[in-house]
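Student: Build me a model from this:
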Amino acid sequence: TVERQQLPITGAYAFTDYRSKGQMIAPVIVDLATPATGGELSSFNVYVACSRAKGKQSIRFLWLPPEKLLRTHPCEALRTEMQRLRNLDEVTKSCHCRPQN
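Tutor: Have a look, this model is predicted:
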């Protein structure tokens, strides 16, 4: 004998990280598993995917990325630029936040 079983199905829509840029979506389910194409995720992919949610309450993870991806700085150029901006911030504070006599 054959027994059929109906499973509930919910309609959904998927975006690539590239397609989702500039959009705020709620709720968001993020799949950060290794891509089926055999490519690799970068920290930029992870950032774009996670930053599409309207808040931390509206994001869920289907698969988390490898931990090393979250602990690795994206690139040397970005690290250098961030340091430059931190230095400018300190210079600006020292020029404009001096006590008035």
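Student: centre of the chain versus stretch 16-32, how much separation?
Tutor: A distance of 9 Å separates the centroid of the chain from that of stretch 16-32, by C-alpha atoms, centre = their mean, to the nearest Å.
Student: Please spell out which residues along it are buried.
Tutor: 17, 20, 28, 30, 32 (16 or more other C-beta atoms under 10 Å). No exception for glycine: its C-beta is placed from N, CA and C like everyone else's.
Student: check which helix or strand covers the most centrally placed residue in the chain.
Tutor: Central residue check for the chain by C-alpha atoms, centre = their mean: the C-alpha nearest the mean position is that of Tyr47, 2.2 Å away. Per DSSP states H and E: Tyr47 is located in helix 43-50.
Student: Can you give the distance of that helix from its chain's centre?
Tutor: In terms of C-alpha atoms, centre = their mean, the centre of helix 43-50 is found 3 Å from the chain centre.
Student: helices or strands next to that helix in the packing?
Tutor: Where contact means 3 or more C-beta pairs under 8 Å, 6 or more residues apart in numbering; DSSP states H and E, helix 43-50 is packed against helix 17-20, helix 67-71.
Student: With mean pLDDT added, can I get these in TSV?
Tutor: Below are these laid out as TSV (pLDDT from 0 to 100):
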stretch	mean pLDDT
helix 17-20	70
helix 67-71	79
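Student: All the strands of the chain, residue numbers only.
Tutor: Using DSSP state E, the strands of the chain run over 28-31, 59-63.
Student: Using a markdown table, please lay out the ones you listed together with mean pLDDT.
Tutor: Shown next, in a markdown table, are these (pLDDT from 0 to 100):
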| stretch | mean pLDDT |
| --- | --- |
| strand 28-31 | 84 |
| strand 59-63 | 87 |
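Student: For Leu88, give its distance to Glu76.
Tutor: The gap separating Leu88 from Glu76 is 19 Å, by C-beta to C-beta, to the nearest Å.
Student: could the buried residues of stretch 16-32 be laid out in JSON lines, adding distance to Ile9?
Tutor: What follows is the buried residues of stretch 16-32, written out as JSON lines (distance: C-beta to C-beta, whole Å):
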{"residue": "Asp17", "distance to Ile9": "25"}
{"residue": "Ser20", "distance to Ile9": "23"}
{"residue": "Val28", "distance to Ile9": "20"}
{"residue": "Val30", "distance to Ile9": "21"}
{"residue": "Leu32", "distance to Ile9": "24"}
